[in-house]
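[1] The following comprises the amino acid sequence and a computationally predicted model.
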There are 2 protein chains.
Amino acid sequence: MKPFCFADGKIIDTQTASIHPMDLGLIRGYGIFDFFRTVNHQGLFLEDYLDRFTASAEKTFLPLDYSREELRQIIGQLIEKNDLEQGGLRMVLSGGVSDNHFSPADGKLFIFAESLIFPSEEKYEKGVKLLTLEYVRPIADIKTTNYALAVWHSAQWKKQGAEDVLYHMNGFISESSRSNFFIVKDGELITPSEHILLGITRKNLIKIAGQVTIRPISLQEVWEADEAFICSTTKVLLPVTQIDDRTIGNGKPGPISVNLLEKFKELEKELCY
Amino acid sequence: MKPFCFADGKIIDTQTASIHPMDLGLIRGYGIFDFFRTVNHQGLFLEDYLDRFTASAEKTFLPLDYSREELRQIIGQLIEKNDLEQGGLRMVLSGGVSDNHFSPADGKLFIFAESLIFPSEEKYEKGVKLLTLEYVRPIADIKTTNYALAVWHSAQWKKQGAEDVLYHMNGFISESSRSNFFIVKDGELITPSEHILLGITRKNLIKIAGQVTIRPISLQEVWEADEAFICSTTKVLLPVTQIDDRTIGNGKPGPISVNLLEKFKELEKELCY
């Protein structure tokens, strides 16, 4: 964590940030967050992330006591004070301390600055493995802090050499625990339409690709895909070459995935330099 | 909340308790807790609750740095200092601050003392309404802080005059958001066997009843039940007389439910007075 954060309405020493442990964020796992990258001291796709953070607050009945412009200013100050050339900013809005310890209350807003470590070069070159897991995230479209199952399950996937999981239910896949998921079949890019986080990297990859089919994807289609990848703020686009004990495509990152990642990197430069 | 709590290894003023907001308990909703009642200054079924809290910590890979005897002593001190004749104690163990902001770390233990308000007499006399909701809690057997869906959904059930929800999946019911669920059919008490919290009130009601069938229960069986009730630490046994827009039994609390609640109250007196 970087030395300065935003808490209790001001910029303070990150180590001294605190929240009351009876906050619903802790005792009921009720809260929202968002996380975006800084590139060359600028928030990449910042407006997209602020849109989603605002939408998450509204949908979870949590009042966000800062205007869009105030949030932009706080973020700007944090980037400057932390000299966050390349890194990440995490906005967290808790459920608040509630009289009945259950109903959403007036939460607290925190913004933390973090350094960011991308997956290793090897992972981009060889692709990664996912494990299937039968699950659907509740209220999947917005960014809640509800990762209990994924955190718990992560010990198991690490043991099995996997990068993450691929959620599926009733024969259809949705997303990975912290990433969206795409397949390529006969040159067509396809990504699930339902039970998914509305990912900002997903959104911008769709824009860059130009043509993407957005519809339910069955597990069977995943097994028969030519290419697959996950995408997220912290991974951008990471090829998936194995799921459980099955090889995807020819077991190597595919040309459409690799090309899309290159185009994303170009857009990033264009926007931030 | 009562004036004294346990935090950072000692008994302190409840208002000054704090946790770092980057704890996984907040940013990933990863933590466990437990909640038990005090009756006549004594923890009701305390050993059962300590068993479960210990099991929850083990299953979630969270180190609990206090022995059973230390926990008993801290609890005794909190009951005394807060003069908690009748009330509740909440033990919370957070996921800890993690290097990668994801893997379980070394969490913090808190114990809070609370006053406790039972549901109104009217609810016990008339029974309450539940709403069905398609969902299964992940890692349901232990007591995680994962209540995000229930908290979010609670605005809706209140609007519809319901007390809580009844989770079901693939045609089978499991539990309510914070209570176990029983039905009575032709004199037989039946409660679900799977995807449920191993409730302490449930456990002790089963003991008192003597004969209870523990097996999967279909939604269809619920519609045809003679009686139904939810049970939990804070409700003990609350008759359910309506689910969605269907009446259960004759729409009044049934004799087997009422009798079981009476027997529970007798046991409570026997144990604590």
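    Sure thing, it's come through.

[2] which residues in the stretch 101-250 of chain A form strands?
    A:109-114, A:128-134, A:164-169, A:172-176, A:180-185, A:188-191, A:213-214, A:217-218, A:227-232, A:236-243, A:246-247 (DSSP state E, counting those that start in this stretch).

[3] tell me the secondary structure for A:Glu266?
    For A:Glu266, the assignment made with DSSP: H, G, I helix; E, B strand; the rest coil gives helix.

[4] Show me the contact partners of stretch A:255-262.
    A:124, A:182, A:184, A:187, A:189, A:205, A:208-209, A:227-229, A:236-237, A:239 (C-beta atoms under 8 Å, 6 or more residues apart in numbering or on different chains). Yep, even glycine has a C-beta here, placed from its N, CA and C like the rest.

[5] and of the residues you listed, the nearest to B:Arg28?
    Closest approach between those and B:Arg28, by C-beta to C-beta: A:Val236, at 21.7 Å.

[6] Now do the least confident helix or strand in chain A by mean pLDDT against strand A:172-176, angle only.
    The weakest-scoring helix or strand in chain A, judged by mean pLDDT, DSSP states H and E, is helix A:148-159 (a mean of 94). Helix A:148-159 and strand A:172-176 are oriented at 80 degrees to each other (axes from the mean of the first three to the mean of the last three C-alpha atoms, to 10 degrees).

[7] Now chain A against chain B: closest residue?
    Here chain A gets closest to chain B at one residue, A:Gly29, 3.0 Å apart by C-beta to the nearest C-beta.

[8] What parts of the stretch 51-200 of chain A come near chain B?
    Contact residues, the stretch 51-200 of chain A versus chain B (C-beta under 8 Å from any C-beta of the partner chain): A:60-61, A:90, A:92, A:94-95, A:101-104, A:108, A:110, A:112, A:114, A:135, A:138-139, A:144-152, A:154-155.

[9] repeat that for 7 Å
    By C-beta under 7 Å from any C-beta of the partner chain, the residues of the stretch 51-200 of chain A that approach chain B are A:60-61, A:92, A:94-95, A:102-104, A:110, A:112, A:135, A:138-139, A:144-149, A:151-152, A:154-155.

[10] Pull out the buried residues from those.
    Buried members of those, scored by 16 or more other C-beta atoms under 10 Å in any protein chain shown, are A:60-61, A:92, A:94-95, A:102-104, A:110, A:112, A:135, A:138-139, A:144-149, A:151-152, A:154.

[11] how close does the residue nearest to A:Ala209 when sequence neighbours are not counted sit to A:Phe35?
    Of all residues not flanking A:Ala209 in the chain, A:Leu189 sits nearest, at 5.4 Å (C-beta to C-beta, 6 or more residues apart in numbering or on different chains). Using C-beta to C-beta, to the nearest Å, A:Leu189 is found at 25 Å from A:Phe35.

[12] repeat for A:Ile206
    20 Å.

[13] of those two, who's got more company?
    A:Phe35 (22 against 18; other C-beta atoms under 10 Å in any protein chain shown).

[14] sec struct for the more buried one, please.
    With three-state DSSP as the criterion, A:Phe35 reads strand.

[15] Would you check that it makes contact with A:Gly88?
    Yes - the pair A:Phe35 / A:Gly88 is scored as a contact, 5.7 Å apart, by C-beta atoms under 7 Å.

[16] And chain A, split by domain according to the record?
    With domains defined by automatic domain parsing, chain A comprises A:4-114, A:121-272.

[17] Serialize the ones you listed to TSV and add fields for distance to B:Gly254.
    What follows is the domains of chain A, written out as TSV (distance: least, C-beta to C-beta, whole Å):
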stretch	distance to B:Gly254
domain A:4-114	28
domain A:121-272	33
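
[18] Of all the ones you listed, which one comes closest to B:Arg178?
    With C-beta to C-beta as the criterion, B:Arg178 lies closest to domain A:4-114 of these, at 8.1 Å.

[19] Show the end-to-end separation of that closest one, please.
    10 Å (C-alpha to C-alpha, to the nearest Å).

[20] Could you list the low-pLDDT ranges of chain A?
    By pLDDT under 70, chain A has no low-scoring segment.

[21] of all the strands of the stretch 101-250 of chain A, which gets the most neighbours per residue?
    strand A:227-232 (a mean of 26; mean count of other C-beta atoms under 10 Å in any protein chain shown).

[22] contact partners of that strand?
    A:164, A:176, A:178-184, A:199, A:201-202, A:205, A:222, A:237-240, A:248-249, A:254, A:256-257 (C-beta atoms under 7 Å, 6 or more residues apart in numbering or on different chains).

[23] near chain B at all, the helix or strand harbouring A:Gly25?
    Assessed by DSSP states H and E, A:Gly25 sits inside helix A:24-27. Yes - contact of helix A:24-27 with chain B (C-beta under 7 Å from any C-beta) involves A:Leu24, A:Gly25, A:Leu26, A:Ile27.

[24] contacts for that helix?
    Against helix A:24-27 from outside (C-beta under 7 Å, 6+ apart): A:19, A:30-31, A:94-96, A:98, A:101, A:104-105, A:107, A:145, B:19, B:25-26, B:31, B:33, B:92, B:94, B:145, B:151.

[25] That one: how far from the chain's middle?
    Distance of helix A:24-27 from its chain centroid, counting by C-alpha atoms, centre = their mean, to the nearest Å, is 21 Å.
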